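# Make a model of this:
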Amino acid sequence: MTPSRSASPRSSLPNPHAVPVPRSYRVATQLWEQAKAKAKSQQRSVAVLVQEAVDEQLDAVVQDLEQLGVSDVTLPDKRVRTALSRQLLQALQQARRQTTLPGNQLLGLCLYRHLDGRRRRRSKAK
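Model prediction:
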């Protein structure tokens, strides 16, 4: 009898190279240009480079996000209405540009970390 191995959820999926499915994603222009240049220098397609990047990095990215509390923030949500200052909205918009995470997810992460007593607030250098 062969010992069972703990497999990642993606290992049970069909071969991702079998049938390509076109999809559109928003990616930072500079990052995409770097990916195209690297693929070209290695005489490979960008699709192969993207597949390799996801295969090698996705588990680590998910683990890092879970450590930040993203997994807890993905609980069922509800639309809420509250007054937010222009300064707060600008801060969320700037963070969205820096991280490419949606503003509502950033707001949820801030609330999660603020309400979790184990997290410490970072002081802003002025």
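# Quick check: chain neighbours aside, which residue is closest to residue 102?
Distance criterion Cβ to Cβ, 6 or more residues apart in numbering; nearest residue to residue 102, sequence neighbours excluded, is residue 96 at 6.7 Å. C-beta: built from backbone N, CA, C; applies to glycine.
# Quickly find the element holding the one you found.
helix 86-99 (DSSP states H and E).
# Tell me the helices and strands packed up against that helix.
With contacts defined as 3 or more Cβ pairs under 8 Å, 6 or more residues apart in numbering; DSSP states H and E, helix 86-99 has these neighbours: helix 103-115.
# Flag the shaky bits of the protein, pLDDT-wise.
Within the chain, the segments meeting pLDDT under 70 span 1-20, 72-75, 117-126.
# for the protein, which helix is longest?
Longest helix of the chain, by residue count under DSSP state H: helix 46-68.
# so how far is it from its chain's centroid?
9 Å (Cα atoms, centre = their mean, to the nearest Å).
# Put the alpha carbons of it into CSV.
The C-alpha trace of helix 46-68 is given here as CSV (Å, rounded to 0.1, in the frame of the first residue of the first chain):
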residue,chain,number,x,y,z
VAL,A,46,4.3,34.6,-22.0
ALA,A,47,1.6,32.0,-21.2
VAL,A,48,4.2,29.4,-20.3
LEU,A,49,6.0,32.0,-18.1
VAL,A,50,2.7,32.9,-16.4
GLN,A,51,1.9,29.2,-15.8
GLU,A,52,5.3,28.7,-14.3
ALA,A,53,4.9,31.7,-12.0
VAL,A,54,1.6,30.6,-10.7
ASP,A,55,2.7,27.0,-10.3
GLU,A,56,5.7,28.1,-8.3
GLN,A,57,4.4,31.1,-6.3
LEU,A,58,0.6,30.8,-5.7
ASP,A,59,0.8,28.6,-2.6
ALA,A,60,3.3,31.0,-1.0
VAL,A,61,1.2,34.0,-1.9
VAL,A,62,-1.9,32.5,-0.5
GLN,A,63,-0.1,31.5,2.7
ASP,A,64,1.3,35.0,3.1
LEU,A,65,-2.1,36.6,2.6
GLU,A,66,-3.7,34.1,5.1
GLN,A,67,-1.1,35.3,7.7
LEU,A,68,-2.3,38.8,7.1
